[in-house]
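S.K.: got a sequence here, can you build the structure:
(chains A, B and C)
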Amino acid sequence: MESFIPPLLMNFMVNNNVALINPEILILAVLITNLLLACSPLKKDQEFSWWLSLTGTGLALVSLGILFVNVYFPTLMDNQITIQQHGVMNVLQVDLFSWVIRTLLTLGTFFVLLLTRRYVEEKASDIPGEFYVVLMGALLGGMLMASAVDLVMLFVALETLGISSYILVGYLRGDLKSAEAALKYLLYGGASTAVLLFGLSLLYGVSGGNTQYAAIADQLQRQLAPFGHAMMPVVPVMLTMIMAGFAFKLSAAPFHMWTPDVYEGAPTPVTAFLSVVSKIAGFGAAIRLLYLLLTLFGQWANVLSVLAVLSMTIGNVVALKQQNVKRLLAYSTIAHVGYMLTAMVVFSLNGISSLLYYLMTYLFMNLGAFAVVIYFANLTGREDIQAFAGLVRKRPGLALMFTIFLLSLAGIPITAGFFAKFFLFQSVVEGGTNYIWLIVLGLLNSTISLYYYLNIVRLMVIAEPSDAVAALPAEPNSIQSISSLGVVMTICLLATLGLGFFANPAYDLSVQAMTQMAFKNVFQHIQVSAVPFPGGGH
Amino acid sequence: MTEAIIFWAFTAISVTAALGVVFNRSIIYSALLLILVFLSIAGIFVLNNADFLAIAQTIVYAVGMTIIVLFGIMFTGDRAMLDEPLTSVRKLVSLVLATFTFVLLIKTVQFPFSIQPASQSVIQTLMQSGSTKMLGELLFSQFVVPFELASVLLLVAMVGAIVLAKKTFADAGEMSSQQLSYSIDSGEPTKEANSALHAAASRGEVHLEEVTRS
Amino acid sequence: MADVLSFFNQYYLSILILLPLLFALIIPFLPDQPASDSQDGPESKQAKGIHTFAVLASVLIHLFAMLSWTGSWFGVITPKEELYHWLPSFGISYALGTDGLSQIMVILTTFLLTMSVVASTVYIKTRLKLYYSMLFILTSSLLGVFLARDAFLFLLFYELELIPMYLLIAIWGGPRRDYASMKFVLYTLFGSVFLIAGILAIFFYLDGAKGVETSEIFLFKTLDTHLVGTIPLLAQLWIFSALFIGFSVKLPVVPFHTWLPDAHVEAPTPVSMLLAGILLKMGAYGLVRFCFGFFPEAAVSLAPAVAVLAVINIVYTAGVALVQTDLKKLIAYSSVSHMGFVILGLAALNTTGFNGAVFVMFSHGIVSAALFMCVGSLYHRTHTRMIADYGGFGSVSPTIFYFFMFMSMASLGLPLLISFAGESLVFYGSFTSNAFHTLIQLGKLGSWQWTMQAAAGFSALGIVIGAAYLLWMLQRVFFGPLSERWQGKMTDANRSEVLVLATLALFVIAYGFAPKFLTHQYEDVVDKMATQYQFPDGKYTLSSTKEGRE
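M.R.: Numbers count the residues shown, from 1 in each chain, chains lettered A, B, ... in the order given. Predicted coordinates:
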């Protein structure tokens, strides 16, 4: 095999660690093949593109597994990591942290693909092939976002994910709500991206013309030191713009206005994709950039606490009134982002590691919930909460699964959601007594959130069957036919229940990932302001 | 001295044209004034030795963007013009916010960025081959990954735009009678033709009858 | 044989907790009830089968729990403590252990489970499989609470019971069950917030402290020895208060008791038995272990306030019970009132006080369960709970009458019955307590000392009011003429009801006559806890066991 590749190219690939981005290359290949397939007039080829995408994403997962075994596991044993070991062309840092995020993203897309098939075939039957092209484009953007250590790379990857998402949201062209959602997302996203770009360009300027994080970190201190850095008007404007841009992507209040409408209008598998893949990629990129920025401007972490509190409160309080289950899940996403942001306020090793663990559990519980919603919509065509009434009588398995996912989102033991929240708050406690109020607010918000989750459980288990449920045929008492949706739900269920018990390996992985991400040898000479990280000492 | 005059001239043109874009009644005039704004910004780029950027600005914005805007206006027509009074509260609030943003941005760029003088090799290359060569080198060496990703992005965006704008077969009114008759005459109508027919029937344009085959 | 025994010794506690869960998982696979089964109709064969399975399962669980009842002739197993470092970076371990206190609580749980299941065979007729599954999951979580030796694990099991309880009340409850169940869940979760905050605060202080391994932070034995020396007093007071509030929602302590009347009234009878019998004891157990066990200094400072709350609990809720028109609400308030004795005993800060508090926990469990059973049997026959509708039942339902009378006597503290032993221990402890002498200035009237003796004096009033409302209730319900509404409609207790009530009555008498057999089990635990509270010369000193760590 190697002899086919010209030596120069081989040299280039080895020196630049191109093998580390094999999964991305695979996804790109799937994207191109799908595009070619979509040109074909045969209906068969359109169906094949679903299988192709699924296989491609599966292969990407396998490739990630191979990477883990060959590259990352050995480095776990040996803690001396230098940047060059995992850099790709100096714009990507494909380390364990990016591996974790990329695996979560690919896994999420794999599940979304399993959820998508029937939906796209029924509702967008004349254009199924292109859906997968755009989906793969989004995944590609997300994966590269998580590894980006260069402002240009970050921006291009962010835009790839963003624009693909806008298209995916508007995919049901006949549906008015879908079009409205896409328009809102596009306009809001476009404006936020512009703001983010302005902030990034200010960062570029202030750091003396560098786009790479390592170089920025190096130069920024020197550039700003003569001026007493925090005082200049540049810094607040720059940081506000960058945070605002990211807050949009993460749907943190008060930049969350797009979330309910977009989640409600988009096709449900796309909503699942947005709520999981988009968020995780956003957090991946945000953690890298904010690590850079907050080590220098530590007091700005308090701005994050404002965002966190607003998100938690608005998300939970407004969710109480929702009638549409997708809208409810949108507000629940906003609330969860609020909890996750509290971990970013205390930007410590334990804090971000528990954030990573939270993202892991969040992937499974959210995808599981959406899988149930899609299954129900396939059965009854209804998306409002009242339609779920009495579900336990006709489909007890489905009701039980939904109950567990909802309780996990609420944070009830023994589901993974409880552990994730507890670890999150535990790491915030380490920040000291200043942050007690954050924890108290977080706990109170959890209590409030239980009401709306339990409301759905109550409807499913206790109330009389709604007309939609009553119209369902009785389920035969044998094991349900294995459908792709069933597979997703089962895996998510197992993960939701199991990640709590097996929290230790998952958390240890997160800690290792974060330890590797902190560029010890670059930041050595920088005065770490408020943030205890391994380089700065704990 | 000349530089200052040219700079202020370009600035004046761009600001006036921008005001024209915002305040002009006719949307076509606004679009055309936008070209002027873009061209004057390109001029400012030239003043800063960013020759490639100036040409790119002209090609992409002044030409490409404006064509798209004009297409958009032509297709949607003039009916989107709202007649708002000049002194509404909304305009006042926007004015205040815009002024505030303006002041903030001015204060921001007053920061004394320590501009390092470019190295000799950079100046040589600039004088000989312009910034295009340098940008090209960067794009294919340091920034090759974002460059490739950007091309993927453009591809996906194009595909997506086409998909979103494509006519669905449910818009039966636009489907020509020729196409319709073809699919019916050739035996079993396709699913799309079927749905189109039913849509048309529900609009009362076509009368359908159940025919049983013997 | 020795191998089997040692295997059981090693994993006994985990098996005990998992056994009800196992049954809960088996139940859904039993044959389904026909959809036509209704609350008042005849019982189908499948329903009978499910009932039988549940009864057998609960008896099995109880016998299994009894195997570790050391000191009795079944006690063949001496369970060892289990410890696995589950999540070392967070200080969380899977630690189970048992001592006298945990043991009697476990036995009480399994015993009340059996009683409750037998009662369910009479009172619950619809959706049986779901019902019993929830009941067994609830039991698992209760057993976990009492056997946990790690604070996080304790919290995990403490919150696990929320959802099964919610479903039990919301599906099979009375007319306002929706409101009552949601109130119960949200209220209890709100209390848990304080618990979580307290535990997180403990983590904050103990993390990185000298002599404390991070992987062992939440273990009870770490908390027992290291809390006092490591955490500053002010923080201890705050944490104590947070934990106290958290547990006082469960116990319940006025003013956090308002969920209880609603929840108890709307819950079906067997669930009320469990709720009053054992769920309230979770809060009390938490108080004993955490607040008074791990925070002696804070307990000493706050004991006057705790005593005030105890007196309010006892007297105020007794007064409220006096004016109730709903029979079940009356019993519910009397339940709250008697739990006040637990707090009174704890506030006494001496051996006898603690001894009495634990005894009252046990006795209240049995007597309350029995009282709710009696109320339930009346409600089952009349479908109303209003005392005004009752009257003259003594002639038509003599068995119910005898048992209700007996249990009321037990509740109001008739000597030679179980409650008397508990309450007298509490009173004796309070009267001989040196816990605090708070001087209250009353302006012109001079000053007055608030001591445990004063608290005990006030509480005695609660007993008098208790006698009042119970006797008055009995008179209104059972004596007097039978109204025409019930002529020919009232039946006497059936076999299952008699079985339950008689078994409970048996223990009321047995432990009433010979309380030593009960106190013997947990005395050492209580003694050890009380040695933390030394009051030579009437002033509190840090006991020598803790002093070395300052």
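S.K.: run a quick neighbour tally on residue C:62.
M.R.: Neighbour count for residue C:62, taken as other C-beta atoms under 10 Å in any protein chain shown: 19. Backbone N, C-alpha and C define where each C-beta goes, glycine included.
S.K.: got phi/psi on it?
M.R.: Per-residue torsions, residue C:62: phi -60, psi -40 (degrees, to the nearest 10).
S.K.: now do the SS call for the nearest residue to it once chain neighbours are set aside.
M.R.: Closest residue in space to residue C:62, ignoring its immediate chain neighbours: residue C:110 at 4.0 Å, by C-beta to C-beta, 6 or more residues apart in numbering or on different chains. Of the three states, residue C:110 takes helix under DSSP: H, G, I helix; E, B strand; the rest coil.
S.K.: surely residue C:110 meets residue C:65?
M.R.: Yes. Assessed by C-beta atoms under 8 Å, residue C:110 is found in contact with residue C:65 at 4.2 Å.
S.K.: shared neighbours of those two, which are they?
M.R.: Common contacts of residue C:110 and residue C:65, defined by C-beta atoms under 8 Å, 6 or more residues apart in numbering or on different chains, comprise residue C:143.
S.K.: the two: who's more crowded?
M.R.: More crowded of residue C:110 and residue C:65, by other C-beta under 10 Å: residue C:110, with 26 against 22.
S.K.: wait, what's in contact with that one?
M.R.: Contact analysis of residue C:110 by C-beta under 8 Å, 6+ apart lists C:58, C:61-62, C:64-66, C:139, C:143.
S.K.: among those, which two are most distant?
M.R.: Spanning the widest gap among the contacts of residue C:110 are C:66 and C:139, at 14.8 Å by C-beta to C-beta.
S.K.: higher neighbour count, those two?
M.R.: residue C:139 (29 against 17).
S.K.: counting contacts, what elements does the host helix or strand of that one pack onto?
M.R.: For residue C:139, the host element (DSSP states H and E) is helix C:128-147. Under the contact definition 3 or more C-beta pairs under 8 Å, 6 or more residues apart in numbering or on different chains; DSSP states H and E, helix C:128-147 sits against helix C:2-26, helix C:45-66, helix C:100-123, helix C:151-160, helix C:162-172, helix C:269-274, helix C:280-286.
S.K.: contacts for the fifth one next, please.
M.R.: Outside of helix C:162-172, the residues within contact range by C-beta under 8 Å, 6+ apart are A:407, A:412, A:454, A:457-458, A:461-462, C:124, C:126-127, C:130-131, C:134-135, C:137-138, C:141, C:177-178, C:180-182, C:184-185, C:188-189, C:263, C:266-268, C:271, C:275, C:279.
S.K.: please redo it, this time with the cut-off set to 7 Å
M.R.: Applying C-beta atoms under 7 Å, 6 or more residues apart in numbering or on different chains, the external contacts of helix C:162-172 come out as A:407, A:412, A:458, A:461-462, C:124, C:127, C:131, C:134-135, C:137-138, C:177-178, C:180-181, C:184-185, C:188-189, C:263, C:266-268, C:271.
S.K.: and the second one, by the same measure?
M.R.: Outside of helix C:45-66, the residues within contact range by C-beta under 7 Å, 6+ apart are C:16, C:19-20, C:23, C:30-34, C:37, C:74, C:106-107, C:110-111, C:113-114, C:117-118, C:121, C:125, C:128-129, C:132.
S.K.: mind doing that once more with 6 Å?
M.R.: Helix C:45-66 is contacted from outside by C:19-20, C:23, C:30-31, C:33, C:37, C:74, C:106-107, C:110-111, C:113-114, C:117, C:121, C:128, C:132, using C-beta atoms under 6 Å, 6 or more residues apart in numbering or on different chains.
S.K.: so which residues of chain A form strands?
M.R.: For chain A, the strands defined by DSSP state E occupy A:87-88, A:92-93.
S.K.: confidence-wise, which of those strands is weakest overall?
M.R.: Among the strands of chain A, strand A:87-88 carries the lowest mean pLDDT, at a mean of 68.
S.K.: excluding chain neighbours, what is closest to residue A:487?
M.R.: Nearest to residue A:487 is residue A:114, by C-beta to C-beta, 6+ apart, at 6.2 Å.
S.K.: kindly report the same for residue C:404.
M.R.: Closest to residue C:404 by C-beta to C-beta, 6+ apart is residue C:374, at 4.2 Å.
S.K.: around the one you found, count how many other residues there are.
M.R.: For residue C:374, the neighbour count with other C-beta under 10 Å is 27.
S.K.: next one: the one 5 residues further on
M.R.: By the criterion of other C-beta under 10 Å, residue C:379 has 18 neighbours.
S.K.: quick check: the gap between residue C:426 and residue A:323.
M.R.: Residue C:426 sits 53 Å away from residue A:323, taking C-beta to C-beta, to the nearest Å as the criterion.
S.K.: neighbour count: these two, which is higher?
M.R.: Under the criterion of other C-beta under 10 Å, the comparison of residue C:426 against residue A:323 puts residue C:426 first, with 30 against 10.
S.K.: pretty sure the more buried one contacts residue C:354?
M.R.: No. Between residue C:426 and residue C:354 there is no contact under C-beta atoms under 6 Å: 9.6 Å.
S.K.: ok now do residue A:372, which residues does it touch?
M.R.: Counting by C-beta under 6 Å, 6+ apart, residue A:372 makes contact with A:401-402.
S.K.: likewise residue C:13?
M.R.: C:79, C:82, C:96, C:147.
S.K.: apart from its neighbours in sequence, what residue is nearest it?
M.R.: Counting by C-beta to C-beta, 6+ apart, the residue nearest residue C:13 is residue C:96, at 4.0 Å.
S.K.: tell me which residues form a beta bridge with that neighbour?
M.R.: residue C:82, residue C:148 (DSSP bridges).
S.K.: and residue A:505, how far from residue A:499?
M.R.: Look at residue A:505 and residue A:499: by C-beta to C-beta, they are 10 Å apart.
S.K.: swap in residue C:102?
M.R.: 30 Å.
S.K.: now do residue A:393
M.R.: Residue A:393 is 30 Å from residue A:499, by C-beta to C-beta.
S.K.: more neighbours, the two?
M.R.: residue A:499 (24 against 19).
S.K.: isn't that one right up against residue A:416?
M.R.: Yes. The pair residue A:499 / residue A:416 is scored as a contact, 3.8 Å apart, by C-beta under 6 Å.
S.K.: residues shared between the contacts of these two?
M.R.: residue A:361.
S.K.: tell me how far the residue in the stretch 201-350 of chain A that chain C sits nearest to lies from residue A:425.
M.R.: Minimum separation of the stretch 201-350 of chain A from chain C (C-beta to the nearest C-beta) falls at residue A:350, amounting to 7.5 Å. To residue A:425, residue A:350 is 11 Å away according to C-beta to C-beta.
S.K.: repeat that for residue C:496.
M.R.: In terms of C-beta to C-beta, residue C:496 sits 47 Å off from residue A:425.
S.K.: the two - which one has more neighbours?
M.R.: residue A:425 (25 against 16).
S.K.: quick check: that one touching residue A:438?
M.R.: No. Counting by C-beta under 6 Å, residue A:425 stays clear of residue A:438, with 8.6 Å between them.
S.K.: phi and psi next, for residue A:432.
M.R.: Dihedral pair for residue A:432: phi 110, psi 180, per degrees, to the nearest 10.
S.K.: picking that back up, so the residue nearest to residue C:404 sits in a strand?
M.R.: No. Applying three-state DSSP, one finds residue C:374 to be helix, outside a strand.
S.K.: per-residue confidence at residue A:480?
M.R.: Residue A:480 carries a pLDDT value of 49.
S.K.: no wait, residue C:253
M.R.: For residue C:253, the pLDDT comes out at 92.
S.K.: could you report the neighbour count for the residue lying closest to it once chain neighbours are set aside?
M.R.: Closest residue to residue C:253 apart from its sequence neighbours, by C-beta to C-beta, 6+ apart: residue C:309 at 5.4 Å. The number of residues packed near residue C:309 is 22, by other C-beta under 10 Å.
S.K.: using the three-state scheme, assign residue C:309.
M.R.: helix.
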